[in-house]
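J.: sequence and predicted structure are below.
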Amino acid sequence: MSKFIIRRLLTAIPTLLVISFVVFAILELSPADPVGNLPLTIPPEVRAQIREKMGADDPFMVKYVKWVNQFMINEPLNILEETTGISIGNSEERLRYISWQTRSPIIDLVIQRLPQTLWVVGTSYLLAILIAVPIGVISAYKQYSIFDQVGTFLAMIGFSVPTFFTGLLFIIIFSVNLKWFPSVYDTTHKVSISDIDSVIFQLRQMFMPTAVLALFFTAQMSRFTRSSMLENLNQDYVRTARSKGLSEKYVVLKHVLRNSLIPVVTLIALGIPGIFQGAIITEQIFRVNGLGQLLIIAIQGGDLPTVQTLTFIFAVLIVFGNIAADIAYAILDPRVVYN
Amino acid sequence: MATVAKSKPIKLDDVEPEMLKSNSLWSDAWRQFRKHKLAMIAVFVLFFIVAGVIIGPFFWTVDPEHIEITESYSGMTTIHPFGTDSLGRDTLARVMFGGRVSLAIGISAMLIAMFLGTLVGLLAGYYRSLDNILMRITDMFLSLPILPLLLVITLLFRDSLRKIFGPEMGIFILTVTIIGALGWMPTARLVRGEVLAVKGQEFVLAARSIGSPDYRILFGHILRNVFSPVIVAATFSIASAIITEAALSFLGLGFPPDFPTWGRLLFDGKDFLTITPALVIWPGLFISLTVLCVNFIGDGLRDALDPKMRK
């Protein structure tokens, strides 16, 4: 098993290298100018010197190797140092990967923005799993019942209506008309457990972005759980279990559910990178200043290093999501041959 | 022995008319498809949306770009059934115009994705030597973060394409190409799997034994047999292309402001939610309805074309 995990992790390295190359190449081809944002009063000679200092005129491969070195070796070391407090090598001289817009290290920006994204995205994903699995199970068990038909229809709607429309609808209904929830997420708000008002405020402002995302994931996952349950309910082992005289509850919850959840768990792992991408739109609607909003601002401002970093982080998430799904499958399903 | 029913000779009058009809794949599929009620409703609703969007502007002759400041933010009146925006432009005309663009993008992007996906899938499934490399490339593309990349590519290549094809056509070509070029991978995997299952069958061997060249076996025999899953995938791919374009426009990276698409209308309308929510509701409703219908039709087609799915 551990051999399989190690081998699977090793195959990620070439994939990540190729993806990093693609991301880097696309951005390098762009016309954006690193000194374009500087004041026009700077004379051209100085401007040229700044460009030289930034390494903007280096050959393509030199830039790429520098970038990979900075991104895959230097920045992880920096994070390690900050979290553990141990200094490795001479950390003072190590170059940071700097954003063109804010002039601060990008990894620091990412760390600042990450909690907001994780709060909204994480809560909605957990919520969706908790709602979707029971709905899927009941729908499949009572196939063609009213519950199933209403459930499948609603799931199809939740799956088809794009999040940017549900988000705006929620604002119109809950924020403009009913005035229940704020439409803008206040990131400066500090939550402390002792202060019950601050907790309530946090829950209220999280409600709409979380609900919009949760609705979409629930629709997707309940459809999937339902079809996976249906596949298993007609299997021979279910008939065997029933004919042994096991109670219906035991058959469904112990035998069928366990087997049906294998692909569902895989889908959950595969879906994690997708939810971060889905958060890009939701964060934009509700002005949550998370990773997605950072990406949009960076794109609009032509801040190439930030865009490169974030796109690459999304790619890393996908690759590791895939690995997690593979490993989950290998652990959960003894039929999978992984050697 | 008495319990066994005597077999009667079958008379032509006893046979239900259903059974006498031709039984080609398509008539059979159509008969199955009609049983899927929601899919049939979806066909009608989608037909009305498409007809309204295409024919509508000939009857509703208001110019979508006509500015009438005195009539801005009008509610639903007989002159402006869907209301007007901040400049007094007629929302109904804009939604119809936007629908044309959104549907055109959905269909064109689907065609590109299906073409690439089917080609890669056919080649990978048929030629052993190409299989590994093509599937590695497919996996690579599947690991790319689609939405961020779409945003980045649109931003970077917008200006150069604008110069060549003009502001609207340039963005149209760019959007369609990148949505298509980043959406072919699931189809490629699907087609490859189907080809692997089909290519071992006798009819392929028979075709080869009478000396059919590879291209005829691939495109004449195998392609026809893997066509039904491709059609289902194509349907779902239209839905996702429409949503992707709307998402791009919604993030402000799609078409120029004076060129309405459904996503762009949502983007423009979202700043006036407190004044006229209708600006957001109409385009949003049409995106959602179209995607919902297309998805239901896809579901119906899958049930109709895949004999294993039948109840």
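T.: Done, it's in.
J.: most centrally placed residue in the chain?
T.: You didn't say which chain, so I picked chain A. By C-alpha atoms, centre = their mean, the mean C-alpha position of chain A lies nearest to A:F276, the distance being 2.5 Å.
J.: right idea, wrong chain: chain B
T.: B:I238 (1.6 Å).
J.: close enough to count as contact, it and B:G106?
T.: Yes. Counting by C-beta atoms under 8 Å, B:I238 touches B:G106, with 4.4 Å between them. C-beta here means a position set from N, CA and C on the backbone, and glycine is covered the same way.
J.: residue contacts, the residue nearest to the centre of chain B?
T.: B:I238 makes contacts with B:G106, B:I107, B:A109, B:M110, B:V294, as judged by C-beta atoms under 8 Å, 6 or more residues apart in numbering or on different chains.
J.: buried set for the helix or strand where A:V65 lies?
T.: Taking DSSP states H and E as the definition, A:V65 sits inside helix A:60-68. Neighbour counts over helix A:60-68 (16 or more other C-beta atoms under 10 Å in any protein chain shown) mark A:Y64, A:W67 as buried.
J.: stretch A:257-265 now?
T.: So, applying 16+ other C-beta under 10 Å, buried residues of stretch A:257-265: A:L257, A:N259, A:S260, A:L261, A:I262, A:P263, A:V264, A:V265.
J.: show me what contacts the fifth one?
T.: A:I262 is in contact with A:S228, A:Y329, A:L332, A:D333, counting by C-beta under 8 Å, 6+ apart.
J.: burial count for the last one?
T.: The tally of other residues near A:D333 (other C-beta atoms under 10 Å in any protein chain shown) stands at 14.
J.: do stretch A:171-191 and chain B meet?
T.: Yes. Using C-beta under 8 Å from any C-beta of the partner chain, stretch A:171-191 reaches chain B at A:I171, A:I172, A:V176, A:S183.
J.: if I look at the third one, how far off is B:L273?
T.: The gap separating A:V176 from B:L273 is 6 Å, by C-beta to C-beta, to the nearest Å.
J.: more neighbours: which of those two?
T.: B:L273 (18 against 14).
J.: all helices for the stretch 101-250 of chain A, in order.
T.: Along the stretch 101-250 of chain A, the segments classed as helices by DSSP state H, counting those that start in this stretch run A:106-141, A:146-160, A:163-170, A:196-233, A:236-243, A:248-250.
J.: close to chain A: what parts of the stretch 151-300 of chain B are there?
T.: Contacts of the stretch 151-300 of chain B with chain A, taken as C-beta under 8 Å from any C-beta, map to B:151-153, B:155-156, B:159-160, B:239, B:243, B:246-247, B:250-253, B:263, B:266, B:269-270, B:273-274, B:277, B:280-281, B:284, B:287-288, B:291-292, B:295-296, B:299.
J.: which ones among the residues you listed lie within helices?
T.: B:151-153, B:155-156, B:159-160, B:239, B:243, B:246-247, B:250, B:263, B:266, B:269, B:280-281, B:284, B:287-288, B:291-292, B:295-296, B:299 (DSSP state H).
J.: got a quick ChimeraX command for the buried subset of the residues you listed?
T.: Burial among those is assessed by 16+ other C-beta under 10 Å; the matching ChimeraX selection reads:
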select /B:151,152,153,155,156,239,243,246,247,250,263,266,269,280,281,284,287,288,291,292,295,296,299
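J.: related to what we said a few turns ago, just the ones of the contacts of A:I262 in helices?
T.: Using DSSP H, the subset of the contacts of A:I262 located in helices is A:S228, A:Y329, A:L332.
J.: A:T152: which of these is nearest?
T.: Nearest to A:T152, judged by C-beta to C-beta, of the ones in helices among the contacts of A:I262 is A:S228 at 14.1 Å.
J.: tell me the pLDDT at that closest one?
T.: Note on A:S228: pLDDT of 88.
J.: now it: closest residue in space, sequence neighbours ignored.
T.: A:S260 (4.4 Å; C-beta to C-beta, 6 or more residues apart in numbering or on different chains).
J.: tell me which helix or strand that neighbour sits in.
T.: Element membership for A:S260 (DSSP H and E) is helix A:257-286.
J.: let me see the mean pLDDT of that helix.
T.: Average pLDDT, helix A:257-286: 84.
J.: after it comes which helix or strand?
T.: Next helix or strand after helix A:257-286 toward the C-terminus (DSSP H and E): helix A:291-300.
J.: chain center to that following helix, what's the gap?
T.: Counting by C-alpha atoms, centre = their mean, to the nearest Å, helix A:291-300 is centred 15 Å from the centre of its parent chain.
J.: output the contacting helices and strands for that helix.
T.: When contacts are defined as 3 or more C-beta pairs under 8 Å, 6 or more residues apart in numbering or on different chains; DSSP states H and E, helix A:291-300 sits against helix A:106-141, helix A:257-286, helix A:304-332, helix B:146-165.
J.: what do you get if the cut-off is 6 Å, keeping everything else the same?
T.: Contacting helix A:291-300 under the criterion 3 or more C-beta pairs under 6 Å, 6 or more residues apart in numbering or on different chains; DSSP states H and E are the following elements: helix A:106-141, helix A:257-286, helix A:304-332.
J.: elements contacting the longest one?
T.: The criterion is 3+ C-beta pairs under 6 Å, 6+ apart, and the helices and strands that helix A:106-141 contacts are helix A:146-160, helix A:196-233, helix A:257-286, helix A:291-300, helix A:304-332.
J.: quick one: buried residues of that helix?
T.: Neighbour counts using 16+ other C-beta under 10 Å place A:106-110, A:113, A:116-117, A:119-121, A:123-125, A:127-129, A:131-133, A:135-141 of helix A:106-141 among the buried residues.
J.: and the contacts of stretch B:261-278?
T.: The contact list for stretch B:261-278, computed with C-beta atoms under 6 Å, 6 or more residues apart in numbering or on different chains, reads A:168, A:171-172, A:176, B:73, B:83, B:98, B:101-102, B:245-246, B:249-250, B:254-255, B:279-280, B:283-284, B:286-287.
J.: what's the answer for stretch A:238-247, then?
T.: Residues outside stretch A:238-247 that contact it (C-beta under 6 Å, 6+ apart) are A:V251, A:H255.
J.: endpoint to endpoint, that stretch covers what distance?
T.: 11 Å (C-alpha to C-alpha, to the nearest Å).
J.: contact partners for the residue in the stretch 1-150 of chain B positioned nearest to chain A?
T.: Residue of the stretch 1-150 of chain B nearest chain A, by C-beta to the nearest C-beta: B:P145 (3.5 Å). By C-beta under 6 Å, 6+ apart, B:P145 lies in contact with A:T311, A:F314, A:A315.
J.: name the nearest residue to it, ignoring sequence neighbours.
T.: Excluding the flanking residues, the one nearest B:P145 by C-beta to C-beta, 6+ apart is A:F314, at 3.5 Å.
J.: one more: B:Q32?
T.: Leaving out its chain neighbours, B:Q32 is closest to B:A304 (C-beta to C-beta, 6+ apart), at 3.8 Å.
J.: gap between the helix or strand harbouring that neighbour and the chain center?
T.: B:A304 belongs to helix B:278-305 when assigned by DSSP H and E. Taking the mean of its C-alpha atoms, helix B:278-305 sits 10 Å from the chain's own mean (C-alpha atoms, centre = their mean).
J.: repeat that for stretch B:59-68.
T.: With C-alpha atoms, centre = their mean, you get 29 Å for stretch B:59-68.
J.: now the end-to-end length of it.
T.: Stretch B:59-68 has an end-to-end distance of 20 Å (C-alpha to C-alpha).
J.: buried set for that stretch?
T.: By neighbour count on 16+ other C-beta under 10 Å, the buried set for stretch B:59-68 is B:V62, B:P64.
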